[in-house]
Every structure is written in structure tokens, then in C-alpha cells.
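> Whatever this is, show me its structure:
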Amino acid sequence: MLVVLLVIAVVVTLLVAVHWYVWRRLVRDTTAGPGAARRAGTAAVIVLPLFTVGAFTAGRADAPFWLKQTFAWPGYLWLATLLYLTLALVAGEAVRPLLRRALDRRAARRPAAPGVPLATADAVPVSSAGCPAAARPDAPEPPESPESPESGQGATATALAAPAGETPGAADGPGGPAPDAPGAPGTPVPAASPEGGGRPAGGMSRRLFVARVVGGAAAAAAAGTVGYGTYGVLRGPSVKRVTVPLAKLARGAHGYRIAVVSDIHIGPVLGRAHTQRIVDAINATQPDLVAVVGDLVDGSVADLGSAAEPLARLRARDGSFFVTGNHEYFSGADAWVDHVRELGLTPLRNDRVEIGGFDLAGVDDVAGEREGQGPDFARALGDRDRARAAVLLAHQPVVIHEAVRHGVDLQLSGHTHGGQLWPANYLAEMANPTLAGLERYGDTQLYVSRGAGAWGPPVRVGAPSDITVVELASRET
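You can find the predicted model right below:
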């Protein structure tokens, strides 16, 4: 319990720190002072994470389904936006000094505009050393007063910086600066032009200008990334085709096609229309068999039963089969197993059937062990004829080593989502033996689908959703 509380404390602290950073860079630094824009930005940074907390809390609590939907869309989308907004702002930290330096060089190359009077009260005094007093290491830096970008008034005139590699006063000869030169002691420096010097065009300070450029670019990048990733999920999964040769596959089963779909994640965000898109895509491939390898739902049968009904229209010569994933055990696994059976799917709960030239087995997800269930490989595979090829449906790739020990030829899995949101793919890769695609473990091959839906944010970046048609190939042909 102490470990759980510690993890929660670390996560909360991290989220608070990230939100503060986003507020500072995107709200405080881009506004000239207190006002409506800063108040609106501050309110958004406070309210949006509350929707995220509400989405996760309502999803696990027995809350009304309409309340789950109310929190889910803004809460989950903000979570994805926060990720890419933070990454973009962090990348912008490298751009800020470069942009300010470029503005400084541009200002230094521009002469004062003709007819601009010398600054008087706001002039920066120049020391006897030939440089502005404010630039001396021992001189305190004058505070930068907040100002309205619309007015451009009350600015402190700044000294024009010398070009790089040139020493102030060096061109005046050994006698020092001329009495009437701008670098002479006590001589005021001309006020900077509004289009150069301390202020870019428009009258705002360079600091504010840079903050707005970087903040605006970060916001645009995050919005574009999340928008495109959401569009990819709502459009539906693409269809991939993979040929897998099996040494023990009977010749008569050569070319047998299994449509593999995982991680559909019907829930408060992805509902009946999402299910129908997936069913239509599967039926269009005309498979011999459909394998639904777990994480079908995020919610109870009472809330989502109608959203799953399009599964009854799946069409395959040898039928559709289902195994549980970890999310079924958050949603009432036994009730969902009964419901998918009513929809015409065949649940394989540590069970096996003979399909033509191979055996098709399925095991419960490892999350079921908390409820006294979980995978039972001996029951599913223990007494079979090992001269026949065996295809195993198992939600999580981590059971591959058990599959190898029990002589499985091909394991079909999901669970990883391919990472779903870059750079989370690096974490998912460390937690799973295979992130996505086909790999071999001894005499057993493992294929991992990226899944057809999304969990949490309905967004995918760098891991597009898919349905895979696995075509079995016999080596006897």
C-alpha cells in the first residue's frame, strides 16, 4: 500500500510540475501582464487536468455512462495534447536563445532612424570604459517593466550592441572617443528604433516576441499532431497482410486466412460506429476465420452491450473466436464472455478446437490470475497431437515462452498498441518481448497486432491502428 501511495505521489507531483511549466511558457511568458488572456489561459491549465482526472476516475467507478462520456473526450484529448505540447516546448528551449541572438544581431546592424531624438530620461549612460553601464559585470541589470504590446510606451531605451569581435571605442584612436561620439563618457545613447534595437516591429520587447513565436509554434505543433492522430483512430484501422509459413501445416490448409483484430476498446469515446467500421473492414477481406484477441471493451455490458452488437455481423467460413484481454477483467470478464457468445463469437477460455489442417487454441489473459482464472496452457494444449500445427490466441505477448514450451507454432497477440503515442513505444518495447509485427522464438513464431482502437486518448502517433490478415503457408506445397 505504501508503494502505491508513493507512486501516486510521484505521478501527481510530475503532473503538477508539467502543468506549471506549460502555464509558465504558454501563458505567463506570452502575455504582457495581468489581463483577460492570462486569466483565460490560467483557467484552462487548471480546468483541463480536472477533466483528465475525472475521465480516469469515472471510468473505473460505477458512474453514469453519460458522465463518463462527458469527462472522456476533453480529459483524454488534453492528456495527449499535454504530452506533445510539453515535448514541443522543451524542444523550443533550444530555439529561444538562437532567436534572441538573431534579433540582437539584427538590431545591432541597424542605425538609428533619422530624426529620432536622443533619449534623455530613459537613456542608458555610458561608462568611461566605453560601454553602457548596464552592460558592465558589476552593474545591476535594470528590471524589465511589464508593458502592453499594444501601446509600446514606457520602454527603456537600450544601447546598441557592438558588432561581434569589435571592441567599443577601438575605432576612435589612442586618444579615446571623440567628445561628441555616442560612446563618449556621459553622452546619452539614441533611443532604439521601434523596428530594431530592443523592440521588434509592433512595439513589444524581444523577450515577449520570442515567447510568442516559440509558444505559438509549440501549440500549433501539438494541435496538429493530436488532430491528425485522432483522425487516424476515428477513420478506422488499415488492413495489413502477412504470410506465415508453418512447418507442420497440412497441405490442405495452405493459404488459410485468419483476420486478427485486437484492442478494439469500445468505450465512452469509441462506440458503436467504431465497432461497425471494424466489422466492415474485416468482412471486406473475406477471411476463413476471425480472431478477436482481447481488450474488446472498456466498460460494462450494461453500458456498452449495444455498442458491441455489430460484432454479430462478422462473416467468416469457420466462424469468429474470442479470448479475454486485461481490460475485460476491469469490465466484468464473465459477463462479456457470455455476451460475445450471444453475438455469435466462440470464446476460447483455455480451450482448443480443430480447424482443418491445424489446432486453434486460446488462453485467458494473465490479468485473470487476480480472479483465480488466467492462462492454463496444460488444459488448452496439453493433450493435443503435436504432429499437427498449433495456432494460439493469447492477448499479451509475454506468454510467448509458455507457448514455446508447449510446442505452439504461431501465437497471435495484441496488447501493446505498438506504443500508441510516440515516444511511449520505447516504454512498451521494454515491457514486451515484441512490440509489433512477426518475430521468431525458437520453433514458435509470434505475431503482435497494433490493435484496431485506442485506450485513453483516441489518438495514435507513430503507431497506426490495424487489422491483420495472416495467411498460413504450408511447406509441403
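> What residues sit buried inside the helix or strand containing Ala17?
Assigned by DSSP states H and E, Ala17 belongs to helix 2-23. Buried residues in helix 2-23, counted by 16 or more other C-beta atoms under 10 Å: 18-19, 22-23. Quick note: C-beta positions are derived from backbone N, CA and C, even for glycine.
> what residues does that helix touch?
Helix 2-23 has contacts (C-beta atoms under 8 Å, 6 or more residues apart in numbering) with 41-42, 45, 49, 82, 85-86, 89.
> Quick one: the helices in the stretch 351-477 of the chain, in order.
Here the stretch 351-477 of the chain has its helices, by DSSP state H, counting those that start in this stretch, at 377-381, 400-405, 424-431.
> right, and the ones you listed - which one's nearest Ala211?
Nearest of those to Ala211, taken as C-beta to C-beta: helix 424-431 at 28.9 Å.
> now what about the closest one, what contacts it?
So helix 424-431 is contacted by 416-420, 435, 462-463 (C-beta under 8 Å, 6+ apart).
> got the CA positions of that helix in CSV?
Presented in CSV, the C-alpha positions along helix 424-431 are these (Å, rounded to 0.1, in the frame of the first residue of the first chain):
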residue,chain,number,x,y,z
ALA,A,424,5.7,5.7,-25.4
ASN,A,425,6.7,3.0,-27.9
TYR,A,426,10.1,2.9,-26.2
LEU,A,427,8.5,2.0,-22.9
ALA,A,428,6.1,-0.5,-24.4
GLU,A,429,9.1,-2.2,-26.2
MET,A,430,10.9,-2.6,-22.9
ALA,A,431,7.8,-4.2,-21.3
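> And it, what's buried?
So, applying 16+ other C-beta under 10 Å, buried residues of helix 424-431: 424-425, 428.
> so where's the stretch 1-150 of the chain uncertain?
112-150 (pLDDT under 70).
> same thing but at 50, please
118-150 (pLDDT under 50).
> separation between Val210 and Met204?
10 Å (C-beta to C-beta, to the nearest Å).
> should've said Val90
From Val90 to Met204 the distance is 24 Å (C-beta to C-beta).
> and the two? which has more neighbours close in?
Using other C-beta atoms under 10 Å, the more surrounded residue of Val90 and Met204 is Met204, with 21 against 12.
> Please, which helix or strand holds that one?
Residue-wise, Met204 maps onto no helix or strand under DSSP H and E.
> about what we covered before: using a markdown table, lay out the helices of the stretch 351-477 of the chain together with distance to Thr243.
Below are those laid out as a markdown table (distance: least, C-beta to C-beta, whole Å):
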| stretch | distance to Thr243 |
| --- | --- |
| helix 377-381 | 24 |
| helix 400-405 | 20 |
| helix 424-431 | 24 |
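> got a list of what Ala72 touches?
55, 58-59, 267-269.
> need the strands for the protein, in chain order.
Ranges of strands in the chain, per DSSP state E, are 238-246, 257-261, 289-293, 320-323, 346-347, 351-355, 358-362, 389-393, 410-413, 437-441, 444-448, 466-474.
> Mean pLDDT, mean neighbour count and distance to Ala380 for the ones you listed - can I get that in CSV?
Compiled in CSV, the strands of the chain are given as follows (pLDDT from 0 to 100; neighbours: other C-beta atoms under 10 Å; distance: least, C-beta to C-beta, whole Å):
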stretch, mean pLDDT, mean neighbour count, distance to Ala380
strand 238-246, 96, 15, 18
strand 257-261, 98, 24, 17
strand 289-293, 98, 27, 14
strand 320-323, 98, 26, 10
strand 346-347, 97, 18, 12
strand 351-355, 94, 16, 5
strand 358-362, 96, 24, 5
strand 389-393, 97, 26, 8
strand 410-413, 98, 26, 12
strand 437-441, 96, 14, 18
strand 444-448, 97, 23, 15
strand 466-474, 96, 21, 19
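> what's the closest of those strands to Pro457?
strand 466-474 (18.0 Å).
> Quote the end-to-end distance of stretch 372-379.
Start-to-end span of stretch 372-379 (C-alpha to C-alpha, to the nearest Å) is 15 Å.
> swap in stretch 316-332?
Across stretch 316-332, first to last residue, C-alpha to C-alpha, it's 27 Å.
> now swap in stretch 238-256 and tell me
For stretch 238-256, the end-to-end distance is 20 Å (C-alpha to C-alpha).
> Please tell me how far the nearest residue to His417 once chain neighbours are set aside sits from Ala223.
Using C-beta to C-beta, 6 or more residues apart in numbering and skipping residues adjacent in sequence, the residue nearest His417 is Gly451, 5.0 Å away. From Gly451 over to Ala223 the distance is 25 Å, taken as C-beta to C-beta.
> the more surrounded of the two?
A count of neighbours by other C-beta under 10 Å puts Gly451 above the other of Gly451 and Ala223, at 29 against 14.
> And the pLDDT at the nearest residue to Arg379 once chain neighbours are set aside?
Excluding the flanking residues, the one nearest Arg379 by C-beta to C-beta, 6+ apart is Asn350, at 4.6 Å. Asn350 is assigned 96 on the pLDDT scale.
> you'd agree Asn350 is up against Asp376?
Yes: at 4.0 Å, Asn350 counts as touching Asp376 under the criterion of C-beta atoms under 8 Å.
> who touches both of the two?
Going by C-beta under 8 Å, 6+ apart, residues that sit against Asn350 and also against Asp376 are 363-364.
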